[in-house]
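predicted model follows, preceded by the sequence.
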Amino acid sequence: MLAWVTATKASIAVGSEVWVEDPDVAWIDGEVLEIKGDEIKIKSSSGKTVTAKVSMTHPKDPEAAPCGVDDMTKLAYLHEPGVLQNLKSRYDMNEIYTYTGSILIAVNPFRRLPHLYDSHMMEQYKGAPLGELNPHPFAVADSAYRQMINEGISQSILVSGESGAGKTESTKMLMRYLAYMGGRAVASEGRTVEQQVLQSNPVLEAFGNAKTVRNNNSSRFGKFVELQFDKSGKISGAAIRTYLLERSRVCQVSDPERNYHCFYMICAAPPETYIVNINEKKLHAS
Ligand SMILES: Nc1ncnc2c1ncn2[C@@H]1O[C@H](COP(=O)(O)OP(=O)(O)OP(=O)(O)O)[C@@H](O)[C@H]1O
């Protein structure tokens, strides 16, 4: 950390381009006009003159590609404004995925992008080394699948981020790809394991997801999804463990948030639906 601060200060001089923290838009860029002690005067790209502490500024790469880079380890400066600028440049071109080495960063597009997830895309990522094609959750899933087959050891994919960032959607993409790779063409009886795994999502979401101020479909529980594969790489079983369900939501919901989806589904369902279901339950119980 200390070494990095020293390097940052050393690369800031009059005439160089810098990023300076801004309370409204997080970071603004500009050219250094003057440095006096630990104070720096900058002419921002919007024409404003700003004074800031040297410690609050970061050098800007004047040669950074305007369309960004697909792997942020290629950036000259891997600091917050550099990373955010790169993600923004890509997002403006509808590129929502970016690598940082083998980590995939997803920026929520808040709109459907079906062309990114169709079966043609899955076919393209099959066996392609990580980094060869555009950053994508399918590439991460493919890499995990290949390593499991080649090395014969279990693999994990960790999906993390703040509420509404897109973890649930990304996890569904990963599961869809793994089900595609490890799927069996014909079910031995009824539905295949991968069909059952994918079809469990709406059920889990009905009982564990609710509308919050940040996300209309917020998961109010943690989930550990385990897909088991046989020696030939086909899915042989699956287990989903859930934990830390926000139970207080059942009896206490603050406006404008809502209770779990299942309650609204029951109210919206036509009466014959739940009569049939209740009868089915009685049949199983007897
Ligand atoms: N890749 C995507 N394509 C299209 N829409 C997306 C994508 N990722 C997220 N979204 C949208 O953003 C919403 C929130 O995403 P998601 O539920 O995955 O967030 P989350 O990180 O799981 O949040 P929480 O922690 O609250 O459960 C989704 O319901 C969807 O509308």
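Yep, that arrived.

list the residues that contact the closest residue to residue 243 other than its chain neighbours.
Spatial nearest neighbour of residue 243, excluding adjacent residues (C-beta to C-beta, 6 or more residues apart in numbering): residue 222 at 4.8 Å. Every residue, glycine included, has its C-beta placed from N, CA and C. With contacts defined as C-beta atoms under 8 Å, 6 or more residues apart in numbering, the neighbours of residue 222 are 242, 243, 244.

please report how far residue 222 lies from the ligand.
In this structure, residue 222 lies at 10 Å from the ligand, with C-beta to the nearest ligand atom, to the nearest Å as the measure.

got the phi/psi numbers for that residue?
The phi and psi values for residue 222, taken as degrees, to the nearest 10, are phi -90, psi 160.

returning to that earlier point: highest neighbour count among the contacts of residue 222?
Neighbours here mean other C-beta atoms under 10 Å. Within the contacts of residue 222, the largest count is held by residue 242, at 14 neighbours.

that one against residue 225, yeah?
No: at 9.7 Å, residue 242 and residue 225 do not qualify as touching, with contact defined as C-beta atoms under 8 Å.

interface residues of the chain facing the ligand?
Taking C-beta under 6 Å from any ligand atom as the contact definition, the chain meets the ligand at 108-110, 112-113, 161, 163-169, 215, 217-219.

at 8 Å what do you get?
96, 106, 108-113, 116-117, 161-173, 209, 212, 214-220 (C-beta under 8 Å from any ligand atom).

just the buried ones among those, please.
By the neighbour-count criterion of 16 or more other C-beta atoms under 10 Å, these include these buried positions: 96, 106, 116-117, 164-168, 170-171, 173, 209, 212, 215, 218-220.

which of the residues of the chain next to the ligand fall in strands?
In strands, judged by DSSP state E, the following of those are found: 106, 209, 218, 219.

what two of the residues you listed have the greatest distance between them?
Using C-beta to C-beta, those reach their maximum pairwise distance at 106 and 209, which is 18.9 Å.

what's the burial count for residue 240?
For residue 240, the tally of surrounding residues (other C-beta under 10 Å) stands at 13.

next, give phi and psi for it.
Dihedral angles phi and psi of residue 240 (degrees, to the nearest 10) take the values phi -120, psi 120.

touching, it and residue 199? I think so.
No: counting by C-beta under 8 Å, residue 240 does not reach residue 199; the two are 11.8 Å apart.

pLDDT value on residue 45, please?
We have a pLDDT of 87 for residue 45.
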